[in-house]
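Peer 1: starting from these lines, generate the structure:
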Amino acid sequence: MLRLADIDVDALGELLQGHGLQLQVVADHLPIPGSYWGDPEAGLIGSTVFARTDTPIHSVLHEACHLIVMPAERRADVHTNATDSIAEEDAACYLQIVLADALAGVGSKRLMADMDEWGYTFRLGSTRAWFESDAMDARQWLQQHALIPDHAATFGIAASA
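Peer 2: Sure thing, here's the model as predicted:
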């Protein structure tokens, strides 16, 4: 499983900054603020995503994507738990896969394998099967909210598989 220590942290920080977010790296011996699942999973408070070097990349991207998909008026008040909305959860899962392709050494295929290893569950049995065959509602939600382009149906691995 890819962890923060395995990638270019500055590139990840720049990716998040492009979406109005900050990445705060926490010292390895400290608890991660705002972590829903507990250490070493990423946390979120306001527009900041917290992680340690042992935090899985899928976790950092997932929490960041929760912040990206939520309405701006909710973002300032968020602490630990981003949503109870199935549509936002699905959109965050889809968007984290898309954003993984923007990070050297990560990519959507690797991220989906890590999501499966961590225990994400989808009715088709794998993250990739969901992304390629069952995520139309998440993709449409992201397109309607102008978070991915309308041509995203041909995005990433679905186009290259």
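Peer 1: C-alpha only now, for contacts and for neighbours.
Peer 2: Noted.
Peer 1: which parts of this structure are helices?
Peer 2: 9-17, 57-69, 72-75, 86-100, 107-118, 127-133, 136-144, 156-160 (DSSP state H).
Peer 1: please identify the most buried of the ones you listed.
Peer 2: Highest mean neighbour count of the helices of the chain: helix 57-69, a mean of 25 (counted as mean count of other Cα atoms under 10 Å).
Peer 1: if we can go back for a sec, nearest to residue 36, of the helices of the chain?
Peer 2: Closest approach to residue 36 among these (Cα to Cα): helix 57-69, 9.5 Å.
Peer 1: domains of this protein?
Peer 2: Domain assignment for the chain, taken from automatic domain parsing, gives 4-75, 86-160.
Peer 1: weakest of those domains in terms of mean pLDDT?
Peer 2: Mean pLDDT values for the domains of the chain show the minimum at domain 86-160, a mean of 87.
Peer 1: tell me how far stretch 70-82 is from the chain's mean position?
Peer 2: 15 Å (Cα atoms, centre = their mean, to the nearest Å).
Peer 1: identify the residues contacting that stretch?
Peer 2: By Cα atoms under 8 Å, 6 or more residues apart in numbering, the list of residues contacting stretch 70-82 from outside reads 33-36, 43-47, 63, 66-67, 88.
Peer 1: once you drop chain neighbours, what's closest to residue 49?
Peer 2: In this structure, residue 49 finds its nearest non-sequential neighbour in residue 23, 5.0 Å apart by Cα to Cα, 6 or more residues apart in numbering.
Peer 1: distance-wise, check residue 81 relative to residue 66.
Peer 2: Going from residue 81 to residue 66 by Cα to Cα, to the nearest Å gives 9 Å.
Peer 1: quick one: residue 107 and residue 99, what's the gap?
Peer 2: Distance from residue 107 to residue 99, by Cα to Cα: 8 Å.
Peer 1: my bad, residue 17
Peer 2: Taken as Cα to Cα, the span from residue 17 to residue 99 is 13 Å.
Peer 1: could you do residue 67 as well?
Peer 2: 13 Å.
Peer 1: how close does residue 73 get to residue 47?
Peer 2: When Cα to Cα is the yardstick, residue 73 and residue 47 sit 11 Å from each other.
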